[in-house]
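*Asks:* I'd like to go over a predicted model; first the sequence, then the structure.
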Amino acid sequence: MQATYGMFDPLTDLDGMWTVDLAARHLPIAGVPLAKYECWDGRLFLTPHGGVARSHGSAALGSAMMDSARSRGLYLCGSLTLVLGQPDRWIQPDITVLDGPVRGTWVPSEHAVLVAEFVSPESRRRDRIDKPAKCAAAGIPWYLTVDLDEDRERASVELFELKDGAYRSVRIAHAGQTFEINSPFDARFDPAELLMR
């Protein structure tokens, strides 16, 4: 009797074993809708991309911060793969501000000055609790969250600073208010500017 073997499925067959090397070989996964691929201790998490409103918000946020970041010698990037200290731990923030020019696909977290996440319904817990804890453990000095609700025309932006191993909120603003910071760079805008109007 001859043994029958099923097709190789990286999502299940490599569960708990993911590393940057395996990811470089097997991602993106054919037949899976476009998604963010993030990993913690070898476990892969897929989050759908956020759509047009989120993409617009991310571009608007980047535009509001780009010149000031560059004036401080920092590099504002869109989504990239940030390795958090070990080859089996990485995230793909919506925006990452780096301390200088970095080459390659897998960016070590020690180069990250600020990570920005647009909180989505599919990954609210990860964006608000899990990722900040991971970024704090990796020593990333600043974490920024953006909440957009296009239907209700609501937007909020909150900046957290790493203090004693945990993030502490230092500034929050909602649509109609001014979000203004001077660290890690200057920024001043109304969160409503991130909405598609």
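*Replies:* Received, thanks.
*Asks:* CA only for contacts and neighbour counts going forward, please
*Replies:* Will do.
*Asks:* give me the element Leu114 is part of.
*Replies:* Here Leu114 sits within strand 112-118, counting by DSSP states H and E.
*Asks:* An error on my part: the question was meant for Leu76.
*Replies:* strand 75-77.
*Asks:* Show me what secondary structure element comes after that strand.
*Replies:* Next element after strand 75-77 (DSSP H and E): strand 81-83.
*Asks:* Show me where the protein dips below the pLDDT cut-off.
*Replies:* Counting by pLDDT under 70, the ranges of the chain that qualify are 1-6, 122-123.
*Asks:* ok, now which ones touch the spatially most central residue of the chain?
*Replies:* For the chain, Pro93 is the residue whose C-alpha lies nearest the centre (Cα atoms, centre = their mean; 1.3 Å). By Cα atoms under 8 Å, 6 or more residues apart in numbering, Pro93 lies in contact with 78-82, 115-117.
*Asks:* Show the buried residues in the residues you listed.
*Replies:* Buried subset of the contacts of Pro93 (neighbour count, 16 or more other Cα atoms under 10 Å): 79-82, 115-117.
*Asks:* mind putting those in JSON lines, distance to Tyr167 included?
*Replies:* Formatted as JSON lines, those follow (distance: Cα to Cα, whole Å):
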{"residue": "Ser79", "distance to Tyr167": "21"}
{"residue": "Leu80", "distance to Tyr167": "22"}
{"residue": "Thr81", "distance to Tyr167": "21"}
{"residue": "Leu82", "distance to Tyr167": "18"}
{"residue": "Val115", "distance to Tyr167": "12"}
{"residue": "Ala116", "distance to Tyr167": "13"}
{"residue": "Glu117", "distance to Tyr167": "14"}
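*Asks:* And the residues you listed, which is closest to Pro141?
*Replies:* Taking Cα to Cα as the measure, Val115 is the one of the buried ones among the contacts of Pro93 closest to Pro141, at 8.8 Å.
*Asks:* still on that earlier bit, for the buried ones among the contacts of Pro93, which one is nearest Ala24?
*Replies:* Nearest to Ala24 among these, counting by Cα to Cα, is Thr81 at 11.4 Å.
*Asks:* returning to that earlier point: mind checking how far the very next helix or strand once past the strand holding Leu114 is from the chain centre?
*Replies:* For strand 112-118, the succeeding helix or strand toward the C-terminus, using DSSP H and E, is helix 124-125. Taking Cα atoms, centre = their mean, to the nearest Å, the mean C-alpha location of helix 124-125 is offset from the chain mean by 13 Å.
*Asks:* do the same with stretch 96-110
*Replies:* Centre to centre, stretch against its chain (Cα atoms, centre = their mean), the figure for stretch 96-110 is 13 Å.
*Asks:* With stretch 60-72 instead?
*Replies:* Centroid separation for stretch 60-72 versus its chain: 17 Å, with Cα atoms, centre = their mean.
*Asks:* switch to numbering from 467
*Replies:* In the new count, where the first residue is 467, that last one comes out as stretch 526-538.
*Asks:* buried residues in that stretch?
*Replies:* For stretch 526-538, a neighbour-count test (16+ other Cα under 10 Å) marks 526-528, 530-535 as buried.
*Asks:* For the protein, just list every one of the strands.
*Replies:* 501-506, 509-514, 541-543, 547-549, 556-557, 561-564, 572-574, 578-584, 608-615, 620-629, 632-640, 645-647, 653-655 (DSSP state E).
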